[in-house]
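> got a predicted structure here, sequence first:
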Amino acid sequence: MTVNAPVRRVDVLVVGAGPAGLAAAARLAAAGAGRVEVLEREERPGGAPRYCAHGGFGTWTRPLTGPGYARLLTGAAVSAGAVVRTGVTVLEWTGAGPASRTTPGIAGAPGAGATATAGPDGGPRSPGTRAGATAALDAAAGDAAGGPEARRVPPTDGTFGPGGDAPSAAVTLSGGGPAPGRPAGAVPGAVTDGDLPGPVLTLVGPGGPERVTARAVVLATGARERPRAARLVPGTRPAGVYTTGELQQAVHLFGQPVGTRAVVAGAEPVSYAAAGTLLAAGVTVAALVTEENHAQAPSARAQSARLVHRIPLLTGTAVAELLGHGRLSGVRLRHRDGRTAVLPCDTIVFTGDFVAENELARTAGVRLGASPHTSHPGVFAAGGLLHPGQRARAATRDGAAAAGAVLRWLAGAPWPGA
């Protein structure tokens with residue numbers, strides 16, 4: 001895709017506003033990494049926790065639901081001074097090679113002075129705001145208890161900032177228009193194509209395409225469950241087929257009816273979360289089905305589903321075929337000994353079997369490993385992109401660790417293996 005828009009420059013660009021991306025942005029902005037910008041293709045930041053209405057997030061002393069956890073992380077990033085933009089999709093990038101690391105405000109960087117704390121425009125933020133953001137992030141990562149839950153994300157006004165719900169230059173919740181706090185037509189930090197500090201990413205949002213370059217890029221694009229088609233389950237193509245994420249969004253974000261009797265394919269923790277969502281929606285769970293010999297979830301959770309909610313667990317069994325025209329009418333199950341049976345249902349949820357959302361990295365030729373460092377100096381990765389299916393708190397810690405790697409890189413540390 002050819003875009004002739006001027007190239008806008010930021011210091012660190014984070015792709016993905018899930019737990020890992022928001023944690024990385026909060027740490028980087030609080031540490032004075034300059035202008036830190038987060039891009040999110042969804043209309044709200046927070047990632048999958050936004051529609052996980054169950055508990056289990058936060059800490060033992062400060063338990064949170066998924067939406068509360070998403071607000072906590074968003075509030076931490078915004079309070080630290082990061083710019084969060086939603087409704088923005090990265091289409092492609094070029095020049096994902098070694099980047100210039102001359103970054104004002106990073107101690108030890110070439111030509112840098114004392115470390116500063118970053119505000120919305122890369123300027124200083126107050127130590128109190130920085131400390132509050134850091135404490136909130138520590139609570140989210142499980143490193144400390146307590147801290148404010150978060151600042152509420154307003155439903156319609158498009159922007160919010162460190163002070164609460166009032167519009168400010170700290171975060172943009174829509175992809176179009178000029179950068180936050182800038183007059184129309186202004187291109188802050190614009191550079192020529194011959195003076196690019198790092199990769200150039202082509203973005204598109206409601207306001208049209210644009211190009212952005214950064215000294216460091218953090219890929220936090222997360223993971224997804226394999227849908228029915230990727231699992232090669234034969235049969236018809238009826239309505240009533242979901243992944244866990246699709247189910248939770250339908251129930252908790254959009255309030256849509258999802259059926260009356262369901263089968264859950266899988267017996268992992270996420271499978272039991274899907275069963276809980278179905279029960280909350282008034283749906284009878286006919287069975288959980290797994291090809292394994294036992295549930296891959298904590299025994300207490302599996303026993304609760306079986307004894308309290310009367311949900312049978314069918315082990316050594318696979319979903320062999322979907323039945324029904326228009327709407328799902330049942331699933332054909334196949335036991336490992338070859339026996340088959342039809343279980344009537346109007347909904348099936350395929351759970352687990354997570355794969356990394358690595359299309360952006362793959363198209364740029366960026367190879368991922370086990371650490372935040374990728375094959376391209378200046379390009380980092382974190383969260384579910386590296387560890388598909390990990391819990392939200394682990395993704396938060398991954399994001400904070402990636403931020404530490406970014407800061408060391410900007411301060412002049414060598415790239416591993418370079």
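Structure's in. What do you need?
> mind checking the SS state of Ser79?
Three-state assignment for Ser79 (DSSP: H, G, I helix; E, B strand; the rest coil): helix.
> do you know how far it is from Val406?
Separation of Ser79 from Val406 (CB to CB, to the nearest Å): 19 Å. (Glycine included, C-beta is placed from N, CA and C.)
> same question, Ala286
Following CB to CB, the distance that separates Ala286 from Val406 is 48 Å.
> which of those two has more residues huddled nearby?
Per other CB atoms under 10 Å, whichever of Ala286 and Val406 has more neighbours is Val406, with 30 against 22.
> ok, for that one, nearest residue in space, not its chain neighbours?
Among residues not flanking Val406 along the chain, Ala216 sits closest, at 5.0 Å (CB to CB, 6 or more residues apart in numbering).
> again with Val379
Nearest non-adjacent residue to Val379, counting by CB to CB, 6+ apart: Val217, 5.0 Å away.
> that neighbour looks like it's in a strand, true?
Yes - counting by three-state DSSP, Val217 is found in a strand.
> burial measure for it, as a count.
29.
> bridged to it, which residues?
Leu13, Val379 (DSSP bridges).
> from Tyr69, how far off is it?
25 Å.
> so Glu291: helix, strand or coil?
coil.
> model confidence for it, exactly?
For Glu291, the pLDDT comes out at 95.
> can you check the one 3 residues further on too?
We note a pLDDT of 93 for His294 in this prediction.
> before we move on, back to that, so who does the residue nearest to Val379 touch?
Counting by CB atoms under 8 Å, 6 or more residues apart in numbering, Val217 touches 12-15, 93, 96, 198-199, 201, 378-380.
> for Leu343, same thing?
For Leu343, counting by CB under 8 Å, 6+ apart, the contacting residues are 263, 286-287, 330-331, 333.
> cool, Leu219 as well?
Counting by CB under 8 Å, 6+ apart, Leu219 touches 15-16, 360-361, 366, 374, 379-382, 385.
> let's see it at 6 Å
Counting by CB atoms under 6 Å, 6 or more residues apart in numbering, Leu219 makes contact with 15, 361, 381, 385.
> in stretch 354-367, what counts as buried?
354, 356-358, 360-361, 364, 366 (16 or more other CB atoms under 10 Å).
> typed the wrong thing, it's stretch 36-43
Judged by neighbour count (16+ other CB under 10 Å), stretch 36-43 contains these buried residues: 36-42.
> what ranges do the helices span in the stretch 301-418 of the chain?
Under the criterion DSSP state H, counting those that start in this stretch, helices of the stretch 301-418 of the chain are mapped to 359-363, 392-410.
> ok so, going back, what's the closest of the buried residues of stretch 36-43 to Thr65?
Nearest to Thr65, judged by CB to CB, of the buried residues of stretch 36-43 is Glu42 at 18.2 Å.
> flag the shaky bits of this structure, pLDDT-wise.
Within the chain, the stretches with pLDDT under 70 are 1-3, 95-197, 418.
> ok, back up a step: now render the buried residues of stretch 36-43 as a markdown table, adding secondary structure and distance to Ile311.
Listed next are the buried residues of stretch 36-43 as a markdown table, based on DSSP: H, G, I helix; E, B strand; the rest coil; distance: CB to CB, whole Å:
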| residue | secondary structure | distance to Ile311 |
| --- | --- | --- |
| Val36 | strand | 44 |
| Glu37 | strand | 44 |
| Val38 | strand | 39 |
| Leu39 | strand | 40 |
| Glu40 | strand | 35 |
| Arg41 | coil | 34 |
| Glu42 | coil | 31 |
